[in-house]
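1. Sequence and predicted structure below; questions after.
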Amino acid sequence: MTKADLVEQVAEAIGPGITKKDCALVVDGFLNAVKLAMINGENIEIRGFGTFKVRRRKSRMARNPRTGEPVEVPARAVPVFKPSKHFSGKVARSQKKGA
């Protein structure tokens, strides 16, 4: 699903009172708010959906696959998403039905 598909589904869910252009502004605003909060190190919890977090990864030693030479991978912050139990359960049930 692309952002355009998401905008279309949200516009359909709201009904004829909103244009796709206005809906795109709402979707962009939401995504930008999530990005800004994560850049500032904040967690975003959406009940029934999941949590967006910033997790710190420690530095570690890895190997160059071509030469086998050890290389240090520096510590870094990575964005992660943890789905809620409710959401995970719904996805699991839908996969069982489709299989």
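-> Alright, I've got the coordinates. Residues are numbered from 1 along each chain as shown.

2. switch to C-alpha atoms for all contacts and neighbour counts from now on
-> OK.

3. so residue 37 makes contact with residue 52?
-> No: with contact defined as CA atoms under 8 Å, residue 37 does not count as touching residue 52 (9.5 Å).

4. So which other helices or strands are in contact with the lengthiest helix in the chain?
-> The longest helix of the chain (DSSP state H) is helix 20-39. Counting contacts by 3 or more CA pairs under 8 Å, 6 or more residues apart in numbering; DSSP states H and E, helix 20-39 packs against helix 3-14, strand 44-46, strand 50-57.

5. Now do the longest one and helix 20-39, the angle between them.
-> If I follow you right, that is helix 3-14. 120 degrees (axes from the mean of the first three to the mean of the last three CA atoms, to 10 degrees).

6. let's have the chain start at 156 instead
-> With 156 as the first residue, the last one maps to helix 158-169.

7. re the thing from before, tell me which of the helices and strands packed on helix 175-194 sits most buried.
-> strand 205-212 (a mean of 16; mean count of other CA atoms under 10 Å).

8. Determine how far that one lies from the middle of the whole chain.
-> Chain-centre distance of strand 205-212: 10 Å, with CA atoms, centre = their mean, to the nearest Å.

9. Centre of the chain to the following helix or strand past that strand, how far?
-> Where DSSP states H and E defines the elements, the next helix or strand beyond strand 205-212 is strand 215-218. In this view, strand 215-218 has its centroid 27 Å away from the chain centroid, taken as CA atoms, centre = their mean.

10. Pull the distance from the helix or strand following strand 215-218 to the chain's centre.
-> Counting by DSSP H and E, the element after strand 215-218 in chain order, helix or strand, is strand 225-228. Centre-to-centre, strand 225-228 and its host chain are 28 Å apart (CA atoms, centre = their mean).

11. And the contacts of strand 225-228?
-> 214-219 (CA atoms under 8 Å, 6 or more residues apart in numbering).

12. Can you check what angle separates the longest helix of the chain from strand 205-212?
-> Calculated by the same axes, to 10 degrees, helix 175-194 forms an angle of 40 degrees with strand 205-212.

13. Let me know the pLDDT of the residue located most distally from the centre of the chain.
-> For the chain, the residue at maximal distance from the C-alpha centroid (CA atoms, centre = their mean) is residue 222, at 34.8 Å. Residue-level confidence at residue 222 comes out at 94, pLDDT.
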